[in-house]
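1. Build me a structure from this.
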Amino acid sequence: MSTYEQFANAFIVNSSFTGKALTVQGTTKIQQALEKSTVSAPAATGTVNFDVLTQAVLYYTSNASGNWTLNIRGSGSVSLNNMMSTGDSLTVTFLVTQGSTAYYNSAVTIDSVSVTPKWQLVAPTAGNVSGVDAYGYVVFKTGNAAFTVFASQTPFV
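-> Alright, predicted model coming up:
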């Protein structure tokens, strides 16, 4: 291993980038990446705030109790609009446990402003009984407070 590689490895292992963006240009090799996830007991219903500064994956372990609106935002004090630049994208996943009555994501908002996702195949009209529904969202910022969202629903039984 070269001196440069040893330095780079030590720098990456011993550095903290909390709250900062790391920009790498050119060809980059990543051996592994971990995403911050949150496992939480609430039941999906009403408005669910998805704070991208806290997690990339959110897993609700209690059975959904009603259809819900997913509000994607930076955090309670940081808007996604201020966090992202035009041309940026991010990917988030919301895992929802379903019981004998299943519910679904009926609306999506970004910073509490309604967006109409482009759903893979068709927009869901129901959840999947007694399993976990995984909702994936790719959010593209196309302008100031303008976003395009690509969404999918995948059942796990």
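2. List the beta-bridge partners for the most centrally placed residue in the chain.
-> Among the residues of the chain, residue 92 comes closest to the average C-alpha position under C-alpha atoms, centre = their mean, at 1.8 Å. Going by DSSP bridges, residue 92 is paired in beta bridges with residue 137.
3. can you check residue 115 too?
-> Assessed by DSSP bridges, residue 115 has beta-bridge partners residue 108.
4. Renumber starting at 748 from here on
-> Got it, first residue is 748 now, which makes that one residue 862.
5. Can I get stretch 775-786 as CSV, trimmed to CA atoms?
-> Output of stretch 775-786 as CSV, limited to C-alpha atoms (Å, rounded to 0.1, in the frame of the first residue of the first chain):
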residue,chain,number,x,y,z
THR,A,775,-14.2,6.9,-7.1
LYS,A,776,-14.1,3.4,-5.6
ILE,A,777,-16.2,2.7,-2.6
GLN,A,778,-15.7,-0.6,-0.9
GLN,A,779,-18.8,-0.3,1.3
ALA,A,780,-21.3,2.3,2.4
LEU,A,781,-23.6,2.2,5.4
GLU,A,782,-26.9,4.1,5.4
LYS,A,783,-28.4,5.5,8.6
SER,A,784,-31.6,3.8,9.4
THR,A,785,-34.3,4.2,12.0
VAL,A,786,-36.5,1.5,13.4
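6. Return the set of buried residues in that stretch.
-> Within stretch 775-786, no residue counts as buried by 16 or more other C-beta atoms under 10 Å. Any C-beta I mention is one placed from the backbone N, CA and C, and that applies to glycine too.
7. cool, and stretch 880-890?
-> Result for stretch 880-890 [16+ other C-beta under 10 Å]: buried residues 880-884, 886, 888.
8. hmm, back to that, can you pull the pLDDT of the residue nearest to the centre of the chain?
-> On pLDDT, residue 839 comes in at 98.
9. And stretch 810-821, end to end?
-> In stretch 810-821, first residue to last residue: 26 Å (C-alpha to C-alpha, to the nearest Å).
10. what about that stretch, distance to the chain center?
-> Here the centre of stretch 810-821 is set off from its chain's centre by 12 Å, with C-alpha atoms, centre = their mean, to the nearest Å.
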